[in-house]
Each structure stands twice: as structure tokens, then as C-alpha cells.
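> sequence and predicted model, in that order:
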Amino acid sequence: MTMVLGADDFLADQASYSLIFQNAFKEAPSNRDRIAMTIPSTTGQNKYAWMQMLPSVRRWIGARQLKSLHLREHTIVNSTYEDTISLGVDDVEDDNTGLFRLGLKGFGEAFSANRDQEVADYLTTKAWADLGYDDVVTFSD
């Protein structure tokens, strides 16, 4: 028999469970930081604005040659991920959470591997076809 547990059921152990997950996530082997940058987010989306680079400078001879600045922006909406588990009522009532803690470690490692897989999927498929933040395909001429 299984039962669904709400946040109140885990209140006492919530910090411990979160720490197990976060530590496993951080300690899992990963290559994504070699080729991608993680930017922390505290909102549902992040807007990045920048000034497009000027092509070059020239020696000043005669009248100035005015160039327009091109301002750009790109918004990235955060994605939400989940994996839901159920526990047997006997495991909860008997406080047999040793396996649950091990499972949380596995979840942390799996979520870390998922981020690596997303970077790999982007580089092997989307980067060759989808337009990037600058309206140009990431890998293009």
C-alpha cells in the first residue's frame, strides 16, 4: 500500500532531505561546466540585454562617420523539472527512510546527469538548426 505525503509530513526532515539531494547534485561528475555557463536565477525568467559590437574603429581623418548602436535583448524562461516517488505506508510509519535517503541521493545524481544531457542534446541537434539569442544559428557560417 502506498500513500501520498504532503509537505507537512516531511517538515522535520526537509532540510536534511534537501541537503542530501543538493550534495549529490553538486558532487555528481559533470562536463557541462566545461562548455556551458550556469547562471543562478531567482525569478521565473531572466532578461539579458547588451549592445551589439561595433565592427571596427578607423583613423580619424575628415568628418566623423556615424554608426548606429544596436541594442539587443534575449529572455530565457526557466524550466521546471520533477520526479515523483511514492513510499509504502509501512516504511513511513516504521521510519524506515534509509532507502529513501539513498533514493534522494540517486535523484540528485540523476538531475545532474539530466543537465549534462540537455547540453549535449543542444550541441548535437538544436545548435545546428535553431536560432540563437542573436537570431543566428549557433553553429553557422
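Perfect, I can see it now.
> local confidence estimate at the residue lying farthest from the centre of the chain?
Residue farthest from the centre of the chain, counting by Cα atoms, centre = their mean, is Gly62 at 51.2 Å. Here the pLDDT value assigned to Gly62 is 94.
> show me the contacts for it.
By Cβ atoms under 8 Å, 6 or more residues apart in numbering, the contact set of Gly62 is empty. In this view, the C-beta of every residue, glycine as well, is placed from N, C-alpha and C.
> next one: the one 10 residues further on
Residues near Arg72 by Cβ under 8 Å, 6+ apart: 49-52, 133-134.
> bridging residues for it?
Counting by DSSP bridges, Arg72 is bridged to Trp50.
> pull up the gap between it and Pro55, please.
Noted for Arg72: a distance of 15 Å to Pro55, by Cβ to Cβ, to the nearest Å.
> for this protein, what spans make up the helices?
14-27, 32-35, 89-93, 98-124 (DSSP state H).
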